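A.B. asks: When you get a sec, could you give me coordinates for this:
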Amino acid sequence: MSATWTPDEIRRFTTADELQIAARRTDGTLRRWVPIWVVCVDEQVYVRTWYRRNTGWFAHVLDSQRACIRVPDLQSEVSVEDVGSRSQQLRADVDTAYRTKYARYGASTIEQMVSPAAAATTLRLTPEQDRITPA
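C.D. replies: As a prediction, the model looks like this:
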């Protein structure tokens with residue numbers, strides 16, 4: 001059963017420069033942690049990649065539709081949903097979130113993350129019940 005993010009968890013994602021994501025192998029062990037930019041829109045968590053759609057961490061989490069993510073003081077199992085071909089409004093909202101949060105990296109970097117190819121890789125991360133919030 002999926003859960004929803006708490007306001008404190010959304011704050012953690014919003015203030016973290018990036019999250020780390022790891023896909024699970026079929027035996028349940030985690031693949032290596034990969035840092036990735038993260039944004040929140042309407043209390044939902046989104047990530048994208050601007051390269052390697054069919055390889056690496058992205059392909060692994062798409063195949064399993066599950067991953068483990070972490071930011072400071074929070075680790076969670078998540079369901080992964082490919083929303084890259086959803087509404088133009090969702091794309092625009094996620095694009096705006098990337099432009100706002102990561103503007104300090106410069107226009108050329110941001111434009112890669114809001115390009116049509118990157119937008120097509122948008123994933124929504126929904127928490128599972130298993131969360132670890134270190135004390």
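
A.B. asks: Please count neighbours and contacts with C-alpha atoms only from this point.
C.D. replies: OK.

A.B. asks: ok, the most centrally placed residue in the chain - contacts?
C.D. replies: Nearest to the mean C-alpha position of the chain, by Cα atoms, centre = their mean, lies residue 47 at 2.8 Å. Applying Cα atoms under 8 Å, 6 or more residues apart in numbering to residue 47 gives the contacts 36-39, 122-125.

A.B. asks: Would you tell me which helix is longest in the chain?
C.D. replies: Across the chain, the helix with the greatest residue count (assigned by DSSP state H) is helix 88-101.

A.B. asks: now for that helix, which elements pack on it?
C.D. replies: Under the contact definition 3 or more Cα pairs under 8 Å, 6 or more residues apart in numbering; DSSP states H and E, helix 88-101 sits against strand 38-41, helix 107-113.

A.B. asks: re the thing from before, what about the residue nearest to the centre of the chain, distance to residue 15?
C.D. replies: 15 Å (Cα to Cα, to the nearest Å).

A.B. asks: returning to what we had before: the residue nearest to the centre of the chain - nearest residue in space that isn't next to it in sequence?
C.D. replies: Of all residues not flanking residue 47 in the chain, residue 38 sits nearest, at 5.0 Å (Cα to Cα, 6 or more residues apart in numbering).

A.B. asks: count of neighbours near the one you found?
C.D. replies: The local packing of residue 38 (other Cα atoms under 10 Å) involves 24 other residues.

A.B. asks: same question, residue 6
C.D. replies: By other Cα under 10 Å, the residues close to residue 6 number 11.

A.B. asks: what are the phi and psi angles of it?
C.D. replies: Dihedral angles of residue 6 (phi, psi; degrees, to the nearest 10) stand at phi -80, psi 160.

A.B. asks: mind checking pLDDT for it?
C.D. replies: What the model reports as pLDDT for residue 6 is 94.

A.B. asks: do the same with residue 86
C.D. replies: On the pLDDT scale, residue 86 gets 84.

A.B. asks: same thing with residue 98?
C.D. replies: Here the pLDDT value assigned to residue 98 is 97.
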